[in-house]
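*Asks:* The amino acid sequence is not available; the structure is as follows:
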């Protein structure tokens, strides 16, 4: 998933373009509905499906037994391409910005997928995008940072 402007300082126009890309294939109902998953002894409610990074499609009635959360801004601040965007003060009006942002998003998604596969989390979301009752989500920010592919894309 791609970031919101509030997490990483993107302008509203850029955010609108990124949001369209993120939501391709999702219905409007999916992006606004709160989904609740009940498992033995716990409940996971999705309050912001746009900030759920795994699974890519949230199914109503799905049961999540291994939730995880992360702080997206911390992960992005560890990605070389994102650091370069910040260092050069690039904006969505710069062509290089879009190239670097795509590379940063690819690295973010790959790192999340690596951690998800290694630990078998069934839902991974930004802190605050899911609410868990009687089940504690794993905090995986540092694991995702460690899984970021090295080098520039």
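*Replies:* Arrived safely, thanks for sending. This one's a predicted model, so the numbers in the text were calculated from it and none came from an experiment.
*Asks:* From residue 140, how far off is residue 126?
*Replies:* 11 Å (CB to CB, to the nearest Å). In this view, the C-beta of every residue, glycine as well, is placed from N, C-alpha and C.
*Asks:* tell me which residues of the longest helix anywhere in the chain are tucked away?
*Replies:* Using DSSP state H to define each element, the chain has its longest helix at helix 95-119. Within helix 95-119, the residues that qualify as buried are 97-98, 100-101, 103-105, 107-108, 111-112, 114-116, counting by 16 or more other CB atoms under 10 Å.
*Asks:* Determine which two of these are furthest apart.
*Replies:* 97 and 116 (28.0 Å; CB to CB).
*Asks:* Between its first and last residues, how far does stretch 125-133 reach?
*Replies:* One end of stretch 125-133 sits 15 Å from the other (CA to CA, to the nearest Å).
*Asks:* State the mean pLDDT of it.
*Replies:* For stretch 125-133, mean pLDDT rounds to 95.
*Asks:* Which positions within that stretch qualify as buried?
*Replies:* 125-126, 129-130, 132.
*Asks:* Same question for stretch 62-78.
*Replies:* 64, 66-73, 75-76, 78.
*Asks:* which ones among those residues are found in strands?
*Replies:* Among the buried residues of stretch 62-78, the members falling in strands (DSSP state E) are 67-70.
*Asks:* pLDDT and distance to residue 55 added to the residues you listed, as CSV?
*Replies:* Below are these laid out as CSV (pLDDT from 0 to 100; distance: CB to CB, whole Å):
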residue, pLDDT, distance to residue 55
67, 96, 12
68, 97, 12
69, 98, 15
70, 98, 15
